[in-house]
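Colleague: Mind looking at a prediction? Sequence and model below.
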Amino acid sequence: MKPSRKLTRDQRKFRTALIMLAPALIFLALMIAFPLGKVIHDAFTHVHLINKSMTGFAGLENFKTVIEDEHFMEAVQHTVLWTVFSVLGEYVVGMITAVLLNQKFKGRAVFRTFIFIPWLVPIIVAGMTWDWILNPEFGILNYVLKNLGIIETSINFLGNSDYALATVIFVNIWRSFPYYTISFLSAMQSIPGDLSEAAAIDGAGVFRRFFSVTLPQLRSVSLVIVFIHIIWTAVNFDFIWVMTEGGPNYATETLPIMIYRYSMRTFDVGAASALSTMMFTVMVILFIFYYRKRTQISEDMA
Amino acid sequence: MLNKRNRVIAKVITYVLLILFSIYTMFPFVWMLISSFKPKTEIRTATPSFTIDAPTLENFHRVLFDAGFVNYIKNSLIVSVTACVISMIIAVLAGYALSRFYKLKVVKVSNLAMMLSQMIPGVLLLVPLYMIMQMLGILESYRSLILAYTTFVIPLCTFMMSSFFDTVPTALEEAAEIDGCNRAQTLTKVIIPLSIPSLVSTGLYAFINAWNEFMYGYIFISTDTYRTLTPAIMLFKGANTIDWGALMAGSVVAVIPVTFIFLFLQRYFLAGLMAGSVKG
C-alpha cells in the first residue's frame, strides 16, 4: 500500500508544479522559442514582409546579402566600439561610485538616489534630453564650453560623424552605469569588514586595500554584470535609434539598426533573419565562454 | 592625530566626488524641468540661462492637449498596468513552483529555460514577433504590446518571487495543510499575504519596464489611437522644426510615474531587483 501512495503523492507534486509553471512556459514557448525557431528558419528562406509571393529555400543567399552590404563591416566595427567603450566606461564609473557610497557618512541615501535615477528613465527621455543639452544652436553645453573658452565654435555633437558615436556612448554610460553601482554596492556589503581592517592594520593604503582586498572579492559579480551588459549593449536598438537613427551618413549604424533597416525599411525578412542568426551565434559563443569562466571562478572560491 | 586628519580629508574627497557625480546624473533632469517651463523665446536663444524670465505652462498645454499626449499617457497606463498584473500572477505561480519543487526535473528544465530566455534580446526576435502579431491580427492594439511586455519580464519576475519564497519556511505551509488548507488556499491565504513587499517590487519592475519600453511600441503600433508615450515622444520630435519646450514637457510627464514610484518605494524596488538578478 505505502509505495503506491507515495507514488501518487509524487505524481500530485509533479502535476501541481506543471500547472503552476504552465502559464510561464506557454508564454516563453510562443513568444520566445517559436520566434527564435522562425528566425533561424527564415534566415535560409526567401521571405518578404509585403511581397508574400517570395518564398522558397534560399540556401546561404540571405547571409550573402548581409555580408556584401556595403555598410556591414562598418556596422560590425561600430557595434564593437559601441559595446566595448560603453561597458568599460560603465564599469569604471560604477566602481568608483560604489566605492564612494560604500562608506558611512551623512546623506548617503540621498546620494544613492541621485546616482541611481538615470537608470529608471525611459531611454527615449534620456536620449531627447541629452539631444537638447548637446544642441549646436540652443544647447546649454556648447554655450558653457564656449564661455569657458574651451571651444570656439559650437560642436554639432550628434550631427557630425566624427563625434556622433562617442557622444552616443557617453549618453549610454550616463544612463546605464547606476546598475553597476548598485550591484557592486550590494556585493561589497557582503565582504566581511575585518578583511579590510586587517589590511589597514598591516599598513595597506586605500588603493592597495581596494586592489588587493575589495576587487578580488568582486570577481564573480563583475563577470555576471559585464557579460550581461556586453549582450544588452551589443543588441541595443533604442539608444542609437532615438539619438541618431544610425546617422549621420551611417556613422552610428550598429547591427541592430541594420536589422531594423532590413525588416522595416526594405522588408527583406530573410536578410534581417540571417543577420539576427549571425548575432545569435556570436552570443552563444560568448555564453559558452562566460559559463566556463563562471564555473572556474566558483571552483577557485570553493 | 594624523589618522584623524586623514579621515577628515577622506570625507571631504568623498563628498566632493559624490557631488560631482550627482551633478553629472541629475543635471539633465534639472535642465529638462527648467526648459519645460520656458516660453519659446527663451528656448530658441543662443544664450540659454538657468533662470526663467517668464515661466509658462504653455509647453505642457501644447504637448498634452494639442499633440494628444493625454491619450498616449492613457494608452501607456493601460498597457503597463495590464502587463504588470499578468506578469505578477504568472511570476507568483512559477516562482512558487521553482522554490518549492526545485528537485523535480520539470522544474529544473523550466529554470534553465527561463535563464536562457532572459538572455535572448528582443531585437533579434523583432521580425518574427511582428509577423506573429500580424498573423494574429493584433498589430494595432494593446494586446500585442501587453503580450510582448509580459513575456520579456517573466524570467526576472519569476526569479525575484522564487528567491523570496525560498526565505519563507515550509513549516508555515505544513501547518496550514494540517489545518485542512489545500495548495491553492495555502498560497492565497498564507503565502501571498506574507509576500506583499516582494510582490510590490516585482510589480514595480514589470510596470517600469513596460512604461519605459520603446522599440515594440514604435514598431507594432502605427495609429494614434493605440500609440504609447515613448514612441509618441520620438514621433513628436520628428515634426519639421523641433519644439524643444514641448518635447521637454513631454519628457517631464514621462518620468513622473517612475520618479514617484522610486522615491517612495525605493527600498522595495532595489532589494527585489538585486535578489532576482543575483539568481538569474
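Modeller: Thanks, I have the structure now.
Colleague: Which residue, neighbours along the chain excluded, lies closest to B:Ile120?
Modeller: Spatially, and ignoring its direct neighbours in sequence, B:Ile120 is nearest to A:Ile32 (5.9 Å; CB to CB, 6 or more residues apart in numbering or on different chains). The way it works is simple: take the backbone N, C-alpha and C, and place the C-beta from them, glycine included.
Colleague: what's the answer for A:Phe170, then?
Modeller: A:Gly89 (7.7 Å).
Colleague: Show the contacting residues for B:Ala206.
Modeller: B:Ala83, B:Cys84, B:Ser87, B:Met88, B:Ala91, B:Tyr149, B:Thr150, B:Val153, B:Cys157 (CB atoms under 8 Å, 6 or more residues apart in numbering or on different chains).
Colleague: can you rerun that using 10 Å?
Modeller: B:80-81, B:83-88, B:90-91, B:149-150, B:152-154, B:156-157, B:160 (CB atoms under 10 Å, 6 or more residues apart in numbering or on different chains).
Colleague: check those against chain A, which are close?
Modeller: Among those, the ones lying near chain A by CB under 10 Å from any CB of the partner chain are B:Ile86, B:Ser87, B:Ile90, B:Ala91, B:Thr150, B:Phe152, B:Ile154, B:Cys157.
Colleague: And those residues, which is closest to A:Ile140?
Modeller: Ranked by distance to A:Ile140 (CB to CB), the ones next to chain A among the contacts of B:Ala206 are led by B:Phe152 at 35.5 Å.
Colleague: Thought B:Met114 was touching that closest one, still the case?
Modeller: No. Using CB atoms under 10 Å as the test, B:Phe152 is too far from B:Met114 to be in contact (11.7 Å).
Colleague: Quick check: neighbours shared by the two?
Modeller: A:Ile32.
Colleague: tell me the mean pLDDT over stretch B:26-38?
Modeller: What stretch B:26-38 shows for mean pLDDT is 90.
Colleague: is it anywhere near chain A?
Modeller: Yes. Using CB under 10 Å from any CB, stretch B:26-38 reaches chain A at B:Met26, B:Phe27, B:Pro28, B:Phe29, B:Trp31, B:Met32, B:Ile34, B:Ser35.
Colleague: Most neighbours among those, which one is it?
Modeller: Highest neighbour count within the residues of stretch B:26-38 next to chain A: B:Ser35, with 26 neighbours (other CB atoms under 10 Å in any protein chain shown).
Colleague: show me what contacts the residue nearest to it when sequence neighbours are not counted?
Modeller: Distances taken as CB to CB, 6+ apart place B:Met248 nearest to B:Ser35, at 4.1 Å, with adjacent residues excluded. For B:Met248, the contacting residues are A:125, A:128-129, A:132, B:31-38, B:43, B:59-60, B:63, by CB under 10 Å, 6+ apart.
Colleague: Also A:Leu100?
Modeller: A:Arg108, A:Phe111, A:Ile115, A:Thr181, A:Leu185, B:Ile13, B:Thr14, B:Tyr15, B:Leu17, B:Leu18, B:Phe21.
Colleague: just B:Met215 next, same as before
Modeller: A:123, A:236-238, A:241-242, A:256, A:260, B:122-123, B:126, B:148, B:230-231.
Colleague: which residues does the nearest residue to A:Phe267 once chain neighbours are set aside contact?
Modeller: Of all residues not flanking A:Phe267 in the chain, A:Leu49 sits nearest, at 3.8 Å (CB to CB, 6+ apart). Contact partners of A:Leu49, counting by CB under 10 Å, 6+ apart, are A:Tyr262, A:Ser263, A:Met264, A:Thr266, A:Phe267, A:Asp268, A:Val269, A:Ala272, B:Val127, B:Tyr130, B:Met131, B:Gln134.
Colleague: Going by neighbour count, which of those residues are buried?
Modeller: Burial by neighbour count, 16 or more other CB atoms under 10 Å in any protein chain shown: within the contacts of A:Leu49 this picks out A:Tyr262, A:Ser263, A:Phe267, A:Asp268, A:Val269, A:Ala272, B:Val127, B:Tyr130, B:Met131.
Colleague: so the fourth one sits right up against A:Tyr262, yeah?
Modeller: Yes. In this structure, A:Asp268 sits in contact with A:Tyr262. The criterion is CB under 10 Å, and the distance is 4.9 Å.
Colleague: what residues are shared contacts of the two?
Modeller: A:Leu49, A:Asn62, A:Thr65, A:Val66, A:Ala274, A:Leu275, B:Val127.
Colleague: Nearest residue to A:Arg208 in space, please, no chain neighbours.
Modeller: Per CB to CB, 6+ apart, closest to A:Arg208 is A:Ala199, 7.3 Å.
Colleague: ok, now how distant is that neighbour from chain B?
Modeller: 15 Å (CB to the nearest CB, to the nearest Å).
Colleague: ok, that residue touching A:Phe207?
Modeller: No. A:Ala199 lies out of contact with A:Phe207 (CB under 10 Å); the separation is 11.4 Å.
Colleague: Look at the two and report which has more neighbours.
Modeller: The neighbour comparison of A:Ala199 against A:Phe207 (other CB under 10 Å) goes to A:Ala199, with 17 against 8.
Colleague: what's the more buried one in contact with, if anything?
Modeller: A:Gly205, A:Arg208, A:Arg209, A:Phe210, A:Ser212, A:Val213, A:Thr214.
Colleague: And those, which is closest to chain B?
Modeller: Closest approach to chain B among the contacts of A:Ala199 (CB to the nearest CB): A:Gly205, at 10.1 Å.
Colleague: Mind checking which of the contacts of B:Met215 are in helices?
Modeller: A:Ile123, A:Asp238, A:Trp241, A:Val242, A:Pro256, A:Tyr260, B:Leu126, B:Ala148, B:Thr230, B:Pro231 (DSSP state H).
Colleague: The third one: neighbour count?
Modeller: Using other CB under 10 Å, A:Trp241 has 22 neighbouring residues.
Colleague: any idea how far it is from chain B?
Modeller: Applying CB to the nearest CB to A:Trp241 and chain B gives a distance of 8 Å.
Colleague: wait, what's in contact with residue 243?
Modeller: By default, I'm working from chain A. A:123-124, A:126-128, A:130-131, A:134, A:157-158, A:164, A:167-168, A:171-172, A:252.
Colleague: nope, chain B
Modeller: So B:Asp243 contacts B:Lys40, B:Ile43, B:Arg44, B:Asn59, B:Arg62, B:Val63, B:Asp66, B:Ala67, B:Phe236, B:Lys237, B:Ala249, B:Gly250 (CB under 10 Å, 6+ apart).
Colleague: Quick check: mean pLDDT of the longest helix belonging to chain A?
Modeller: Identified as the longest helix of chain A according to DSSP H is helix A:269-301. The average pLDDT within helix A:269-301 is 86.
Colleague: Next, the buried residues of that helix.
Modeller: Quick answer for helix A:269-301 (16+ other CB under 10 Å): A:269-280, A:283, A:290.
Colleague: do stretch B:98-109 as well
Modeller: Buried, per 16+ other CB under 10 Å, within stretch B:98-109: B:Leu98, B:Ser99, B:Arg100, B:Phe101, B:Leu104, B:Val107.
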